[in-house]
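Trainee: Can you look at this prediction? I've put the sequence above it.
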Amino acid sequence: MGGAEAPTKLVTLGLSPFLISLWMVSGVFVARWTLPVILKGTSYVFQDLRERAHLMVWAILAGALWAVANTLTVFAIRDVGLSIAFPLWNTNSLVGIFWGWFLFRELRGRVWKTTAKVLGGAGAVVFGATLLGLASVHRAGGASHRLVPGILAALGAGLLWGTMYIPYRKAYLSGMNPLSFVTVFTVGELATTSALAVVFLGGVRPVLGAGVAARPVLFWLFLGGFCWVLGDLFQQYAAKYIGIGRGIPLSNTNQLWGLAWAALVFGELSSFGKPAQAQIIAGSLIMIAGAVSISLAVAPESEQAAVHEVVARECDRYGLDQEVAASAQLGKDPLGAARHGRRWWDYLIVALATGTFVWLARYATHPPLAMSAPWIGVLGLAMLASLVGCGWLLWKHTRFS
């Protein structure tokens, strides 16, 4: 997810944040339909949705929250830069910890040592974010009148993203597959970003006109959305298997990747003085240390028992099979993917998605941004290695269930 934010740097060229968010989410929409089809097939996804139809409205709500947060991140990048905005909106981990404790009984029971690790890590996240926010004051050549709005936009995105994890956890405690959840989730994303663009830019015609004018950069924004989905799927599985109180802080190590792209590819830190650079690096490392502390807080039996009570509560409320929902928490597939073959329209969906990217690539041009090609190659290879390695491990242990 860290590398996926790199195309949003196009906001510095004067493109509207609403349009950048819309086009990026369009790429997200393509990916969120294509990847589940490739991994499981539409028959599997639709059966999962039918058996847990009550969760569809929650998925759409989560998508709407994501869309607004994503739009705020574009404003934040424009105003304070990627290296500052990225760690600030990753304070969503604090919000996730609270909701995990308050609604889903994470960190409940006799878990004093575990709670200390989580709260200590949360404190480190807050302190690191504060250092990063203060470092932006020293930004050389920055637009001081945009400093406060940029920081508020990043923090607002973190609040919305942290709240968005409530539907995630609710769905996965009920046994839903993350691939099914994100298929509906993306409907809320695209509808919300489209509405924001139309309302704030004066109608459908200006939005379509801006899309034609910006056709040379659309491929990069679609590609950023596609990469975001690849990373987000891993985050979805983390939320399912280890909870939002732990999974979200650990996934927020993506800020290191955001900092790497900002510093190595775009040279953002060159506009900061030495003290501010040191402060940014220290703040990022402190936030990462906090996330690691949280991730090491393994749930003891008393906490696992409390979570099982939540599973029973959700099943009683919606008339679900408690044994099926509990087995899904262990990586077992309640639907049995082997019974669901591919249909002709599955291949059509993949073909249309591929054709969309090929068509956009025909018009793509090199973005007029100062970038380091060698570092793009290095970070790109690192992302690919992470995708293949982590994807294989997830398939080995869960078969993407």
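Mentor: Nice, thanks for sending it over. Numbering: from 1, shown residues only.
Trainee: Tell me how far the residue lying closest to residue 62 once chain neighbours are set aside lies from residue 153.
Mentor: Here the nearest residue to residue 62 in space, its sequence neighbours aside, is residue 167; by C-beta to C-beta, 6 or more residues apart in numbering that works out to 3.9 Å. In this view, the C-beta of every residue, glycine as well, is placed from N, C-alpha and C. Applying C-beta to C-beta, to the nearest Å, the value for residue 167 to residue 153 is 23 Å.
Trainee: Neighbour count for these two, which is higher?
Mentor: The neighbour comparison of residue 167 against residue 153 (other C-beta atoms under 10 Å) goes to residue 153, with 26 against 21.
Trainee: ok, and for the helix or strand hosting the more buried one, which residues are buried?
Mentor: Assigned by DSSP states H and E, residue 153 belongs to helix 147-173. Neighbour-count burial for helix 147-173 flags 147, 150-151, 153-173 (criterion: 16 or more other C-beta atoms under 10 Å).
Trainee: Ok, stretch 321-328 next?
Mentor: With the criterion 16+ other C-beta under 10 Å, stretch 321-328 contains buried residues 325-326, 328.
Trainee: Pull the residues that contact it.
Mentor: Contacts with stretch 321-328, where a contact means C-beta atoms under 8 Å, 6 or more residues apart in numbering, come from 172-177, 308, 311-312, 314-316, 334, 401.
Trainee: any chance of these in CSV, plus secondary structure and pLDDT?
Mentor: CSV is the format used below for the contacts of stretch 321-328 (DSSP: H, G, I helix; E, B strand; the rest coil; pLDDT from 0 to 100):
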residue, secondary structure, pLDDT
172, helix, 89
173, helix, 88
174, coil, 88
175, coil, 86
176, coil, 89
177, coil, 90
308, helix, 85
311, helix, 89
312, helix, 89
314, helix, 87
315, helix, 89
316, helix, 90
334, coil, 70
401, coil, 84
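Trainee: would you turn those into CSV with distance to residue 230?
Mentor: Below are the contacts of stretch 321-328 laid out as CSV (distance: C-beta to C-beta, whole Å):
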residue, distance to residue 230
172, 19
173, 24
174, 25
175, 24
176, 20
177, 17
308, 31
311, 28
312, 34
314, 28
315, 31
316, 36
334, 25
401, 18
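Trainee: Buried subset of the residues you listed, written for ChimeraX?
Mentor: Of the contacts of stretch 321-328, the buried ones go into a single ChimeraX selection, burial set by 16+ other C-beta under 10 Å:
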select :172,173,174,175,176,177,308,311,314,315,334,401
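Trainee: Would you mind listing the two of the contacts of stretch 321-328 that lie farthest apart?
Mentor: 316 and 401 (23.2 Å; C-beta to C-beta).
Trainee: Give the burial count for residue 306, as a bare number.
Mentor: Counted with other C-beta under 10 Å, the neighbours of residue 306 add up to 17.
Trainee: so what secondary structure elements neighbour the helix or strand containing it?
Mentor: According to DSSP H and E, residue 306 maps onto helix 301-318. Helix 301-318 sits against helix 147-173, helix 322-328, with contacts defined as 3 or more C-beta pairs under 8 Å, 6 or more residues apart in numbering; DSSP states H and E.
Trainee: hang on, the earlier thing: now the helix holding residue 153, how far from the centre of its chain.
Mentor: Here helix 147-173 is found 10 Å from its chain centre; the criterion is C-alpha atoms, centre = their mean, to the nearest Å.
Trainee: After that helix, heading C-terminal, what element do we hit next?
Mentor: Following helix 147-173 in sequence, per DSSP H and E, is helix 178-201.
Trainee: tilt between that next one and helix 147-173?
Mentor: Taking axes from the mean of the first three to the mean of the last three C-alpha atoms, to 10 degrees, one finds helix 178-201 and helix 147-173 inclined to each other by 150 degrees.
Trainee: now helix 178-201: mean pLDDT?
Mentor: What helix 178-201 shows for mean pLDDT is 90.
Trainee: Now that helix: buried residues?
Mentor: Buried residues in helix 178-201, counted by 16+ other C-beta under 10 Å: 178-194, 196-198, 201.
Trainee: State the distance from residue 35 to residue 87.
Mentor: 28 Å.
Trainee: which one of those two has more residues nearby?
Mentor: Here residue 35 and residue 87 are compared on neighbour count by other C-beta under 10 Å; more neighbours surround residue 87, at 30 against 20.
Trainee: counting contacts, what elements does the helix or strand where residue 292 lies pack onto?
Mentor: In this structure, residue 292 sits in helix 274-295 according to DSSP H and E. Helices and strands touching helix 274-295, by 3+ C-beta pairs under 8 Å, 6+ apart, are helix 82-89, helix 92-104, helix 112-135, helix 244-251, helix 254-260.
Trainee: between the helix holding residue 153 and helix 112-135, how big is the angle?
Mentor: Going by the same axes, to 10 degrees, helix 147-173 makes 150 degrees with helix 112-135.
Trainee: From residue 79, how far out is the residue most central in space within the chain?
Mentor: Centroid check for the chain by C-alpha atoms, centre = their mean gives residue 232 as the closest residue, at 4.5 Å. In this view, residue 232 and residue 79 are 24 Å apart by C-beta to C-beta.
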